[in-house]
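Asker: One predicted model, sequence on top.
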Amino acid sequence: CHVPGTAGGAMAAACRCFPGYGGADCAASCPVASDGALCGGLGHGTCNDTAAGDGRCVCRGRYSGPQCRDCQPGWYGDDCTDMCIHVTPALGGWCSGHGHCHRQTGDCTCAVSWSGPTCGVQCPVDASEQPCAGH
């Protein structure tokens, strides 16, 4: 057994992994955030820490990301329960398909060369080849 993640000891027939460790030898570990929370904490996800597990977080509800601290596309807020209001299905979904929904505010953060509250306005390129005059 892989020493850091085992409870059964090196001579045990089968490893018993500590919480946060998985795999046949308990060598796979789930990511821990800087605040010590495993898989986002607060019910955001669970660690796949069984003997057959791979040490990855399995996110719950509308949470996503390696530590289950992000919201799935189109959702925002502390609990990922608010839906982004800038949805334009005909233009590619959230933020007109040219940006993403800010995790805390729900406002669109536009990709380079796009602007407007829904990222639906393509910026003209100025003489110096800068889209939106460099803004």
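Answerer: Perfect, thanks for sending it. Numbers count the residues shown, from 1 in each chain.
Asker: hey, which helix or strand in the chain has the poorest pLDDT?
Answerer: The weakest-scoring helix or strand in the chain, judged by mean pLDDT, DSSP states H and E, is strand 87-88 (a mean of 64).
Asker: Identify all contacting residues around stretch 106-115.
Answerer: Contacts to stretch 106-115, defined as C-beta atoms under 8 Å, 6 or more residues apart in numbering, come from residues 76-77, 82, 84-86, 94-96, 98-102, 116-123, 125, 131-132. Where you see a C-beta, it was placed from the backbone N, CA and C, and this is true even at glycine.
Asker: Any buried residues in it, and which?
Answerer: Residues of stretch 106-115 classed as buried by neighbour count (16 or more other C-beta atoms under 10 Å): 106-108, 110, 114-115.
Asker: Kindly report the same for stretch 19-26.
Answerer: Buried residues in stretch 19-26, counting neighbours by 16+ other C-beta under 10 Å, are found at 20-23, 26.
Asker: Just the pLDDT at the spatially most central residue of the chain, thanks.
Answerer: With distances taken as C-alpha atoms, centre = their mean, residue 65 lies nearest the centre of the chain, 2.1 Å away. Predicted confidence (pLDDT) for residue 65: 90.
Asker: looking at it, it is touching residue 59, isn't it?
Answerer: Yes. Using C-beta atoms under 8 Å, residue 65 is in contact with residue 59, at 7.2 Å.
Asker: what about stretch 40-58, start to end distance?
Answerer: 10 Å (C-alpha to C-alpha, to the nearest Å).
Asker: Residues in contact with it: which ones?
Answerer: 14-15, 17, 19-24, 27-31, 33, 35, 38-39, 59-61, 63, 66-69.
Asker: So which of these are in strands?
Answerer: Within the contacts of stretch 40-58, residues falling in strands by DSSP state E are 21-22, 28-29, 59, 63.
Asker: Secondary structure class of residue 96, three-state.
Answerer: Following DSSP: H, G, I helix; E, B strand; the rest coil, the label given to residue 96 is helix.
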